[in-house]
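1. model this:
(one chain, ligands or ions: 1)
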Amino acid sequence: MTGAEQEGASVPASSKGSWSSFLKSMASFNGDLSSMTAPAFILSTTSLTEFSAYWAEMPHLLVAPAKEADPQKRAMLVLKWFLSTLKQQYASRNEKLGSEKKPLNPFLGELFMGKWEDEEGTTQLVSEQVSHHPPVTAYSIWNNKHGVRLQGYNAQKASFRTTINVRQVGHAILHLDKYNEDYLITLPALHIEGLIGGSPYVELNQSSYIVGSNGFTSRVDYTGKGWVSGTKNSLKAIMYPHGKEKSKDDHLYKAEGAWTDEFVIKDAKKHVIESYNAKKEPKTPLKVAPIEDQDPLESRRAWKRVADAILKGDMNTTTGEKSVIEEQQRALRKKEQVEKKEWERRFFTRANSVPILDKLIKDVPYGSIDADQTNGVWVFDLAKAKSAQPAAFSELL
Ligand code: HC3
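-> Okay, here's the model as predicted:
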């Protein structure tokens with residue numbers, strides 16, 4: 001524990017009591033992150049549906065594999081893109097806001113939509129809350145110019161043992177039209193550091209995989225600063241032909257560095273093939289429709305009153321406005337029960353099976369789909385999407 005942590009330096013003086021009550025309450029934490037009640041100063045105005053955008057803030061890296069003719073290098077560029085998304089996914093809020101905050105819990109049917117426009121053409125995003133119990137967010141991101149499509153869904157299973165530990169359930173699948181190739185991406189486990197001092201941040205742990213239908217798999221190992229040794233936000237990755245994880249001589253590439261900073265990718269001859277510097281890589285800003293033009297279910301419109309109250313530090317209004325949304329949701333669920341009709345998701349459908357997922361998951365050690373923990377396996381439904389947003393999807397199929 002650092003000096004600052006001992007003193008609780010990041011907790012505003014007026015919130016010290018509520019922060020220590022929050023820490024005490026964690027002892028009986030039931031694992032449901034959405035039911036966690038945190039003090040006002042640590043509440044974020046951003047809903048988890050927005051987090052799906054972190055996958056594509058650098059469209060040039062997302063589409064780079066589609067421009068590469070060699071299958072082995074293509075798989076390596078998928079690894080590079082994936083590693084480049086980590087800082088955005090897990091450290092950008094900390095960097096921007098000074099700590100990780102508690103995101104808004106999306107309601108069922110909540111949407112977040114936007115696009116990135118740059119020299120790679122238009123890259124589009126739809127994110128939808130497809131389940132509330134358990135909370136599950138699904139997303140689809142596509143760039144028609146380069147024929148690149150990413151879709152996925154995720155939920156979090158949390159536990160408390162000295163800190164908050166989170167296992168991510170779900171996956172992403174990247175599809176490259178030109179090569180009719182798919183990459184199954186599993187999601188890293190994480191835990192929260194800096195909790196005692198009141199400035200929480202995410203550290204990644206364990207391993208995640210990228211399994212390509214072209215025969216190459218990457219494994220990424222995450223480590224952090226331990227009690228005795230280690231460096232914050234470290235990663236090591238290897239890429240190998242399917243089934244050759246344990247055979248070092250068959251490893252094709254190695255990546256090493258920090259996911260918040262710099263990493264390099266070397267070939268089997270130890271030559272640096274790719275390098276990445278998170279601080280220097282240009283990002284394309286996401287364009288989101290002005291709030292007044294948004295659908296009532298779109299995140300920033302739906303949460304506006306809550307977000308405004310959080311920004312003002314007005315806890316009474318925050319709680320009151322949250323209750324308005326919760327009440328509306330309760331009424332909708334009741335209506336669905338009476339009418340025996342499940343909420344119709346606007347962009348996604350629950351699938352019985354996804355053959356490519358069933359095939360690729362076999363190359364993930366101990367890999368399983370765990371559909372029971374995500375209220376199903378969720379796939380982007382183009383027919384639904386076309387009727388929901390005809391203009392946006394006119395170029396597809
Ligand atoms: C655990 C987490 C919510 C989930 C966030 C996820 C896993 C969501 C999917 C994204 O693709 C990646 C991602 C990044 C960060 C994860 C969040 C970090 C903290 C947050 C907890 C619910 C907040 C804990 C509360 C407190 C007070 C410690 O900040």
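
2. give me the element residue 10 is part of.
-> Applying DSSP states H and E as the criterion places residue 10 outside every helix and strand.

3. Spatially nearest residue to it (excluding sequence neighbours)?
-> residue 199 (3.6 Å; CB to CB, 6 or more residues apart in numbering). From N, CA and C alone the C-beta is placed, and that goes for glycine too.

4. and the stretch 201-350 of the chain, which residues reach the ligand?
-> residue 202 (CB under 6 Å from any ligand atom).

5. Enumerate every residue touching the one residue in the stretch 201-350 of the chain that gets nearest to the ligand.
-> With CB to the nearest ligand atom, the shortest gap between the stretch 201-350 of the chain and the ligand falls at residue 202, namely 5.1 Å. Contacts for residue 202 (CB atoms under 8 Å, 6 or more residues apart in numbering) come out as 90, 91, 94, 100, 190, 191, 192, 193.

6. The fifth one reaches residue 90, doesn't it?
-> Looking back up the chat, that one is residue 190. Yes - taking CB atoms under 8 Å as the definition, residue 190 is a contact partner of residue 90 at 6.6 Å.

7. who touches both of these two?
-> Joint contacts of residue 190 and residue 90 (CB under 8 Å, 6+ apart) are 202, 204.

8. Could you measure from the spatially closest residue to residue 178 that is not a sequence neighbour over to residue 50?
-> Ranked by CB to CB, 6+ apart and with sequence neighbours excluded, the top spatial neighbour of residue 178 is residue 147, at 5.3 Å. Here residue 147 is placed at a distance of 26 Å from residue 50 (CB to CB, to the nearest Å).

9. so where does the residue in the chain sticking out farthest from the centre fall, helix or strand?
-> Computed with CA atoms, centre = their mean, the residue of the chain farthest from its C-alpha average is residue 338, at 34.4 Å. Residue 338 belongs to helix 315-339 when assigned by DSSP H and E.

10. That helix packs against which elements?
-> helix 304-312 (3 or more CB pairs under 8 Å, 6 or more residues apart in numbering; DSSP states H and E).

11. Can you point out the buried residues in the helix it packs on?
-> 305, 306, 307, 309, 310 (16 or more other CB atoms under 10 Å).

12. Same list, those residues, but as JSON lines with pLDDT please.
-> Shown next, in JSON lines, are the buried residues of helix 304-312 (pLDDT from 0 to 100):
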{"residue": "305", "pLDDT": "98"}
{"residue": "306", "pLDDT": "98"}
{"residue": "307", "pLDDT": "98"}
{"residue": "309", "pLDDT": "97"}
{"residue": "310", "pLDDT": "96"}
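
13. sorry, back to before: quick check, the residue nearest to residue 10 in contact with residue 101.
-> No - judged on CB under 8 Å, residue 199 makes no contact with residue 101 at a distance of 10.2 Å.

14. and residue 249, that one's in a helix?
-> Yes - using DSSP: H, G, I helix; E, B strand; the rest coil, the assignment for residue 249 is a helix.

15. what does the model give it for pLDDT?
-> You'll see residue 249 listed with a pLDDT of 97.

16. Now do the closest residue to residue 12 other than its chain neighbours, the pLDDT please.
-> Nearest residue to residue 12, sequence neighbours excluded (CB to CB, 6+ apart): residue 41, at 5.4 Å. Confidence at residue 41, expressed as pLDDT, is 91.

17. The helix holding residue 338: which residues count as buried?
-> Those would be 318, 321, 322, 325, 329, for helix 315-339 by 16+ other CB under 10 Å.

18. Of those, just say which sits nearest to residue 109.
-> residue 329 (8.9 Å; CB to CB).

19. Check the secondary structure at the residue lying closest to that closest one once chain neighbours are set aside for me.
-> Closest residue to residue 329 apart from its sequence neighbours, by CB to CB, 6+ apart: residue 107 at 5.1 Å. For residue 107, the secondary-structure state derived from three-state DSSP is coil.

20. thought residue 107 was touching residue 303?
-> No - applying CB under 8 Å, one finds residue 107 not in contact with residue 303, separated by 9.1 Å.

21. Identify the contacts common to those two.
-> By CB under 8 Å, 6+ apart, the residues touching both residue 107 and residue 303 are residue 325.

22. The two: which has the busier surroundings?
-> residue 303 (23 against 20; other CB atoms under 10 Å).

23. thinking again about what came up before, now render the buried residues of helix 304-312 as CSV, adding distance to residue 387.
-> Formatted as CSV, these follow (distance: CB to CB, whole Å):
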residue, distance to residue 387
305, 30
306, 30
307, 30
309, 35
310, 35
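
24. Residue in the stretch 151-300 of the chain with the shortest distance to the ligand?
-> residue 200 (4.0 Å).

25. which ones are touching that residue?
-> Residue 200 is in contact with 42, 99, 100, 192, 193, 194, counting by CB under 8 Å, 6+ apart.

26. try 6 Å
-> 99, 100, 192, 194 (CB atoms under 6 Å, 6 or more residues apart in numbering).

27. could you point out which element follows the lowest-mean-pLDDT helix or strand in the chain?
-> Lowest on mean pLDDT, DSSP states H and E among the helices and strands of the chain sits helix 3-7, with a mean of 36. Past helix 3-7, further along toward the C-terminus, the next helix or strand under DSSP H and E is helix 16-25.
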